[in-house]
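Asker: just to be clear, the model below is a prediction. Sequence and coordinates:
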Amino acid sequence: MTTRTWEGLTVPAAGTYNLDAAHTSIGFVVKHMMVSKVRGSFGDFTGSVSVAENPLESSAELTIKTESLTTGVADRDGHLRSDDFLSAEKFPELTFKSTRVVSHSGDEFTVVGDLTIRDITKPVELTVEYGGAGTNPWGQAVWGFSITAEIDREEFGLTWNQALETGGVLVGKKIKIEIEGEANPAA
């Protein structure tokens, strides 16, 4: 991979780059019982980024297998995969496809795209922090990024909840998405 300088950043050359699954994590955080947070992740996914000559014209796609969800607690994972939440058997994939880069300041970009969960597609805004580009000790080109977003799960049909005797609900409405990743040139 060759790099180039664009607006003070060292960015990858134009081309298609695939997510490196061994160095990418896709996670989420949601409030539990109004007092704490539960974290989970997805282990089976594919994605690519098409870096344009003008990086502001770049695009990205991501497909996540819903069955690969894990929170570290088997019973909770089963419930999250059930029809109460992701309905993994009926809807085996979550997808994201960017539609445009809205803005950037330094190494931070705002990307808008379509997120589909349970066959419901809604626009979401991602904050993408570009981490830089380089070559690893084995000669492989890499570039990295951090992504955050927040969605309202009820907008995607994830409406199950339980009222608490003390007030509030068992599961928060807002889900924070956190992605840490690396990408390599497509073969």
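Answerer: Happy to help now that I have it.

Asker: state the distance from Leu86 to Glu178.
Answerer: Counting by Cβ to Cβ, to the nearest Å, the gap from Leu86 to Glu178 is 18 Å. (Each C-beta comes from the backbone N, C-alpha and C, glycine too.)

Asker: now swap in Gly78 and tell me
Answerer: 23 Å.

Asker: now Ser59
Answerer: In this structure, Ser59 lies at 21 Å from Glu178, with Cβ to Cβ as the measure.

Asker: the more surrounded of Gly78 and Glu178?
Answerer: Taking Gly78 and Glu178 together and counting by other Cβ atoms under 10 Å, Glu178 has the greater number of neighbours (15 against 11).

Asker: quick check: closest non-adjacent residue to the more buried one.
Answerer: In space, and not counting its chain neighbours, Glu178 is closest to Gly27: 4.7 Å by Cβ to Cβ, 6 or more residues apart in numbering.

Asker: His79 now?
Answerer: In space, and not counting its chain neighbours, His79 is closest to Phe85: 6.8 Å by Cβ to Cβ, 6+ apart.

Asker: was I right to think that neighbour contacts Asn161?
Answerer: No. Under the criterion of Cβ atoms under 8 Å, Phe85 is not in contact with Asn161, lying 10.4 Å apart.

Asker: neighbour count winner among the two?
Answerer: Neighbours were counted for Phe85 and for Asn161 using other Cβ under 10 Å; Phe85 has more, 20 against 15.
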